[in-house]
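**Q** need a structure here:
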Amino acid sequence: METKKLLQQMIPKKAERVTDELRLIWQNNYKTFHIFKGSLQKDPFLFFQMNLSRIFLVLFTTLSWGQKKIEPHIKSLFKEVVFTLADDSLKGRYTGTLEEKKSLNYIEFKMKSLSNKIKFERQTFYVKLKDTTLISNNGFVFVNNHSSKTILISSHYEHIGLGGVLSTKFISNQIHNGADDNASGVAMTIGLASELIKVKNSNLNYLFVFYSGHEIGLYGSDAFGDFIDKNSDYFKNISCVINFDMIGRLDSDLKNLKCMKSKSADIILNNVQIEDFDLKLNLGKEEELKKLDTKYFYNQGVPCLNFTTGIHLDYHTPTDDAIYINFDGMIQIKEYLLKIIDGYNYGLLKNPKE
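**A** Take a look at the predicted model:
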């Protein structure tokens, strides 16, 4: 009741200063309720918990800055996705759990909100472990622009749950939220989708993929690679893969963006000068692509790029939280990536046989 009274007092007095992000949270409340309605029937406070921190974050920003600064829509989108997926209520999004399913429900909701033409599909796969078999799902959206070439843009959405053997702190009873690993990658994928689906006369199809089963052995991307092989006529030719894994911790001083690339992807990467975006490119070893969700496609000879802002002290710990994400840095990276994709598309328009 105290929280309700506080909001009732603050909002009418400062209504003219409320940002677009706060309005988006209020407007989406009803839809978010239905995404999580199964759990809400058991725990009526789940919805309140998931949104309270975001509401107060927006209120604090709004009341501090007033009308002096309107946050860009893409930054609001990044924040909403990361704060939602890295919320304690999703308990670290471990493969095969109810919370993993809720996470994919939320991703589906966000992707469908970009366009009423989007069809969100799922691929079920099974993970056989020593003592059990997990049932999990990849999610994907295929944007068919009737091209012979498709660019696959991906990220894994699950994390390590309560830790266990995958925790670098050897903790097995605390939630590992995985804000950077890899809610940030999911946010980047959705952010790019929000821009690319608007492109007219594109010479590329777009396949946006959200993997599970990554942390326990790249099961999701392996399963999806097999799925593509069986449906190659539908997806057309996968001509390039761009993957994100931990893209939210750009150092504001160093500005280093790490990229693991296959040799065949040089022509795609070299078309854009990263310095134009106030970033520095740090190239990793090509062999690392075999340890990421690019593995299947790299082994098939598809040009692959994996982007990351790198490992940090919060990696696979309970402190990989949304408050540490550099959202302005993500915007810089997003602009750079859009230029890469645009350059690739333009190159195909000039040389369609490439």
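**Q** give the contact list for the nearest residue to Ser202 once chain neighbours are set aside.
**A** Take Ser202 and drop its neighbours on the chain: the residue closest to it by C-beta to C-beta, 6 or more residues apart in numbering is Asn145, 4.7 Å away. The C-beta positions use only the backbone N, C-alpha and C, and glycine is treated the same way. By C-beta atoms under 8 Å, 6 or more residues apart in numbering, the residues touching Asn145 are 202-206.
**Q** Can you tell me the element the residue lying closest to Phe244 once chain neighbours are set aside falls in?
**A** Nearest non-adjacent residue to Phe244, counting by C-beta to C-beta, 6+ apart: Gly185, 3.6 Å away. Gly185 is part of helix 184-196 when elements are defined by DSSP states H and E.
**Q** Tell me the helix or strand right after that helix.
**A** strand 205-211.
**Q** in that next one, what's buried?
**A** 205-211 (16 or more other C-beta atoms under 10 Å).
**Q** Return the member of those nearest to Lys117.
**A** Tyr206 (12.5 Å; C-beta to C-beta).
**Q** Look up how far Phe244 lies from the closest residue to the closest one other than its chain neighbours.
**A** Counting by C-beta to C-beta, 6+ apart, Tyr206 lies nearest to Val143, which is 4.1 Å off, once chain neighbours are set aside. Distance of Val143 to Phe244, computed by C-beta to C-beta, to the nearest Å: 18 Å.
**Q** Give the residue from those two that has the larger number of neighbours.
**A** When Val143 and Phe244 are compared for neighbours, Phe244 comes out ahead with 28 against 20, by other C-beta atoms under 10 Å.
**Q** element containing Phe140, please.
**A** Element membership for Phe140 (DSSP H and E) is strand 133-143.
**Q** Packing partners of that strand?
**A** Here strand 133-143 touches helix 98-112, strand 120-128, strand 205-211, helix 219-230, going by 3 or more C-beta pairs under 8 Å, 6 or more residues apart in numbering; DSSP states H and E.
**Q** Return the residues in contact with Ser264.
**A** The contact partners of Ser264, by C-beta under 8 Å, 6+ apart, come to 301-303.
**Q** Going by distance to Thr132, which of the residues you listed wins?
**A** For those, the nearest to Thr132 is Val302 (32.7 Å; C-beta to C-beta).
**Q** okay but the closest one is in contact with Ile242, surely?
**A** No: in terms of C-beta atoms under 8 Å, Val302 does not count as a neighbour of Ile242; the distance is 10.9 Å.
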